[in-house]
Structures are given as structure tokens and as C-alpha cells.
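**Student:** missing the sequence, but the structure's below:
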């Protein structure tokens, strides 16, 4: 095909072109700008999306109407407006999703109708994205009437305030997590998320396909979406449009799930190690011991990178499996290269001591 899946995907979403590609690297030994990493526009979170994503999880219902479904949620925190309802709005964080529980409603019940209307009008003057009432509570009639007048959607959940805030905070943390896309393939190899990068046409998809054929699981090909979770973990996934599809030059687009079965794919995977494929250069000094560690940095998360020179006849797939297993050994505390180096030092030291002993031994 004339254009890659990455280009088609980027055009479909009006993403930036290669000129806008950005990526941070550390001590990786190659120029990432040559390989076409693409920055991704952030998805906008609207009240409608928040409702659709959480309607089952939080058992949400719309109490009045979809007035503010179009509004954008611009802050990842939620807010309980107890202080604002009491009249102090100087530091009211109105841009956040407002959660009203038993405490706030109990306070409103203590107000006279005049004071209640005054308090509600003062709060609803702000451009609030939406309000969530917890524990299936029914707010006062004036509350709903003024919200309708100000075109603010009221959602209601049967869950407790603590549960709603906890679940909603986790959701918002993930929605606001920084994301970006890169060109490459992501495969689950022995439980290790292996990101395969390299110049266009070097064979990333072919290596990923070979790994799938050997029983490993494809996450994404050509375009890999990366998201940094709050715990500092890098999660890679594929877009819905490209899900489980690969572009193999000379064959075209194939559906990996249909060909190899559902066990050959997965939706997302933690990215733990990068294999960067590069053309073999005669005379270049390649790492032969593995003592020195190299890293790539994506979204401020460092992952180890192995720069793998390729040439005809080299079995990259087996090497990818070895890299994944070696990474697992390091996680379990076994660094083979360093242990071998230490043993070698001990042997040299012992050998030197023996030579010195024999040199002065004149018996």
C-alpha cells in the first residue's frame, strides 16, 4: 500500500505531521527524529464522555437533562462545594466536577427558602461542568430548577460519596494522563511488553508477525499509543481503528485475531523494554558485553533499550525472545553480564595471587 497505517490513522484524526514529532531520549545512541515518532493530540473530555464511560461503573442517571453534555472538563480533580454553598466562593474551584453528598444536602435543608435560593444562585452563576448527586439522594426542587435555568446537568449515582469520588478520581487521572504516539510495534513476549522501533521499512512488522507466529501476543503495529499512568507506568495500546491489524509490505493489511486466534492479541500492555532495529554498519563499535545500560524516555518514563543491528540471516525474533527473558532475569535480580564480569575479576585476582605465590616459592 502506498501509505502506511500510521499515516492513515494520523490523517483520520487530524494529527500533526512528522515535523511536529517529539520524543525525549537518554543515552540511546540513535536519532529518534529519523524514525518518525508522532505526537498525539489530547482527547478532550466532555461531560457526555464522562457520563458514557461511567454510567455503568457508577450507575449514573441524568436527573434533569443533557444541558451541559458539551462542556469540557478541564481539571482532573473533583470538588465538594460545601464551602461555596455556605456563601464563600472566593476560592471556588468551579471548573471541576462537583460532587454533592449527604453533608451538602443536609446543610441545604437547614436553609430557609430565601437563603437556599440565594445560596444556589451564587454557586450556579459559575460555569460548572456538571454536578453529581450521590447515594440516590433527591436534591431540593429549587436546586433542580436553578440548575435547569443555568443549563447545568445533574447526574445521580446510587453509590456512596466516598466510592464515587474514588472511582471518579481514578478515571480522571487516567483520562488526563499524558499520551503520545510513536511508530513501531508492541508485542507481549513472555509477559514482557517489547516495543520494537526503527526506521521505516526496516522490518518491525515482520518481526512482530514472526513473534505472533511463535505464540506471543500482538498489542499494536505501526502506531503505538503510549499513556503514562499515575504510578509512573507506561502503557501501550492500539487505536480502535487499527485494532489487531497489521500492515505487511507485499501482502497488505491482515487481521491477526482472525488468522492466529484471539490468544494472539491483547488490548494493552505495559511497555518494559525497547528493541531498536538499526542497519548494520561495518566498523561500528557495537555493545558486546551488556554491561552498560541504555535507556529511552517516553513521557518522562525511562525504559531500557537494546540497539540491535540487523543484517541478512540474523534471527531477530529469537533475539527478541532472549532480550525479553533477559529482562525478566534482571527484574528477578540476576544481571548475567555483571555477574560474569565479577566472576572474571575474581578469577584474574586469584590467578595473580597464585602467580605471586609461585614466583617467590623456591622450594
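**Tutor:** Yep, it's here. On a predicted model such as this, the values are computed, not experimentally measured, just so you know.
**Student:** the residue nearest to residue 284 when sequence neighbours are not counted pairs with what?
**Tutor:** With C-beta to C-beta, 6 or more residues apart in numbering as the criterion, residue 284 has its nearest non-adjacent residue at 7.5 Å, and that residue is residue 309. Glycine gets a C-beta too; all of them are placed from N, C-alpha and C. Beta-bridge pairing for residue 309 (DSSP bridges): residue 278.
**Student:** need the contact list for residue 309.
**Tutor:** 278-281, 284, 286 (C-beta atoms under 8 Å, 6 or more residues apart in numbering).
**Student:** mind giving me the PyMOL command for buried ones among the residues you listed?
**Tutor:** Buried residues within those, by 16 or more other C-beta atoms under 10 Å, are selected in PyMOL with:
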select buried, resi 278
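**Student:** if we take the contacts of residue 309, which one ends up nearest to residue 62?
**Tutor:** Using C-beta to C-beta, residue 278 comes nearest to residue 62 of those, at 54.3 Å.
**Student:** residue 194 versus the closest one, what's the distance?
**Tutor:** 16 Å (C-beta to C-beta, to the nearest Å).
**Student:** contact partners of stretch 187-199?
**Tutor:** So stretch 187-199 is contacted by 34-35, 182-186, 204, 207-208, 211-212, 216-219, 224, 236, 266, 269-279, 303, 320-321, 323-325, 327-328 (C-beta under 8 Å, 6+ apart).
**Student:** helices of the protein, start to end?
**Tutor:** 5-12, 47-54, 82-85, 102-109, 113-124, 141-149, 161-175, 204-213, 256-260, 316-331, 336-360 (DSSP state H).
**Student:** the shortest one packs against which elements?
**Tutor:** Right, the one you point to is helix 82-85. helix 102-109, helix 113-124 (3 or more C-beta pairs under 8 Å, 6 or more residues apart in numbering; DSSP states H and E).
**Student:** got the buried residues for it?
**Tutor:** 84-85.
**Student:** how about the second one?
**Tutor:** Neighbour-count burial for helix 47-54, with 16+ other C-beta under 10 Å as criterion, is recorded at 47, 50-51, 54.
**Student:** closest to residue 108 among those residues?
**Tutor:** For the buried residues of helix 47-54, the nearest to residue 108 is residue 47 (22.6 Å; C-beta to C-beta).
**Student:** for the closest one, list the residues it contacts.
**Tutor:** Applying C-beta under 8 Å, 6+ apart, we find residue 47 in contact with 68-71, 73, 129-130, 153.
**Student:** how about it: what's its closest non-neighbour residue?
**Tutor:** Nearest non-adjacent residue to residue 47, counting by C-beta to C-beta, 6+ apart: residue 130, 4.6 Å away.
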